[in-house]
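Trainee: Model the following, please.
(one chain, ligands or ions: 1)
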Amino acid sequence: MTFIGRPLVKQCLRCGDFFCESNVMSGNTFGAIHWSDGKVSGPYVLEIPALGKCPHCKGLLWLQDAPRAVLAATTRVAPNLSMHLDWKEEDYSTALASDFVQTRQQELFVRNRWWWAINDGHRGHPSKHPTRTPTQHANMEALAEMFSESNDEERLLRAELARELGQQQEAARLLSREVRITGAQFAQRITELLREGSRRVEIVYVNG
Ligand SMILES: [Zn+2]
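Mentor: Here you go, the predicted model:
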């Protein structure tokens with residue numbers, strides 16, 4: 001079951017106006033699709049959003065940084081003034097070039113979400129060789145550089161990035177090291193896809 005609580009009213013730090021943030025309390029992974037780029041999608045999978053856009057000033061927001069609003073009892077915030085979650089491609093590059101991104105973890109998060117957002121257009125697409133713009137390509141290369149080779153999960157994501165970028169030797173090198181059992185299914189699937197010559201994001205498994 002998915003429970004949605006009362007929306008939280010928050011305040012934009014840029015313009016000071018109020019907006020609603022949905023308050024997701026739980027979801028579940030029934031029917032969830034696990035993709036080769038690490039994204040999990042499904043009818044009941046609810047990720048607590050981290051990135052948003054103010055509905056008033058359109059400023060980019062880290063939702064956890066936006067404070068809860070202190071409202072007078074008579075103040076009502078229209079439910080349609082919810083935050084926008086639809087970051088456009090230029091929002092990612094703007095965020096990375098501005099003080100919006102201040103820590104390594106924030107950079108990693110924004111680059112990862114940009115990669116997933118671009119891959120969203122290729123999930124289930126017939127072409128195994130999706131085209132990417134130079135900025136999308138550069139983002140994927142920068143993200144690969146940020147992932148550590150000494151951590152199994154990060155090394156597999158790095159191998160997946162190399163596969164999608166058409167860097168077959170680099171992907172094979174990263175996949176040649178043994179992974180712990182939890183990563184074995186991902187490693188096997190990415191290895192198969194590499195052999196097939198696919199550069200598209202693919203399904204690894206689906207939860208029953
Ligand atoms: Zn604002």
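Trainee: which residues does the residue nearest the centre of the chain contact?
Mentor: With the centre of the chain defined as its mean C-alpha position, the nearest residue by C-alpha atoms, centre = their mean is residue 113, 3.0 Å away. Going by C-beta atoms under 8 Å, 6 or more residues apart in numbering, residue 113 touches 51, 87, 92. C-betas here are computed from N, CA, C, even on glycine.
Trainee: Next: residue 107.
Mentor: Contacts of residue 107 (C-beta under 8 Å, 6+ apart): 96, 101, 146.
Trainee: And residue 139, by the same measure?
Mentor: Here residue 139 is in contact with 92-93, 96, 111, 114-115 (C-beta under 8 Å, 6+ apart).
Trainee: how much space between residue 31 and residue 203?
Mentor: Here residue 31 is placed at a distance of 12 Å from residue 203 (C-beta to C-beta, to the nearest Å).
Trainee: ok, now residue 153?
Mentor: Residue 153 is 18 Å from residue 203, by C-beta to C-beta.
Trainee: Get me the contact residues on this protein for the ion.
Mentor: Taking C-beta under 5 Å from the ion as the test, the list of the chain residues beside the ion reads 12, 14-15, 54, 56-57, 59.
Trainee: redo that, cut-off 6 Å
Mentor: Counting by C-beta under 6 Å from the ion, the residues of the chain lying close to the ion are 12, 14-15, 17, 54, 56-57, 59.
Trainee: Any quick ChimeraX command for the buried ones out of those?
Mentor: Those of the residues of the chain next to the ion that count as buried under 16 or more other C-beta atoms under 10 Å are selected in ChimeraX with:
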select :12,54
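Trainee: and the residues of the chain next to the ion as a markdown table, adding pLDDT and secondary structure?
Mentor: Output for those, formatted as a markdown table (pLDDT from 0 to 100; DSSP: H, G, I helix; E, B strand; the rest coil):
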| residue | pLDDT | secondary structure |
| --- | --- | --- |
| 12 | 88 | coil |
| 14 | 89 | coil |
| 15 | 91 | coil |
| 17 | 86 | coil |
| 54 | 88 | coil |
| 56 | 87 | coil |
| 57 | 90 | coil |
| 59 | 89 | coil |
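Trainee: now, the most widely separated pair of the residues of the chain next to the ion?
Mentor: Pairwise distances across these peak at 10.1 Å for 17 and 59 (criterion: C-beta to C-beta).
Trainee: Out of the contacts of residue 113, which sit inside helices?
Mentor: Counting by DSSP state H, the part of the contacts of residue 113 found in helices is residue 92.
Trainee: Reformat the contacts of residue 113 as CSV; add pLDDT.
Mentor: Shown next, in CSV, are the contacts of residue 113 (pLDDT from 0 to 100):
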residue, pLDDT
51, 87
87, 85
92, 95
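Trainee: which among the contacts of residue 113 gets closest to residue 122?
Mentor: Proximity of those to residue 122 (C-beta to C-beta) peaks at residue 92, which lies at 16.5 Å.
Trainee: what about the residue nearest to that closest one when sequence neighbours are not counted, how many neighbours?
Mentor: Distances taken as C-beta to C-beta, 6 or more residues apart in numbering place residue 114 nearest to residue 92, at 4.0 Å, with adjacent residues excluded. Neighbours of residue 114 under the rule other C-beta atoms under 10 Å: 23.
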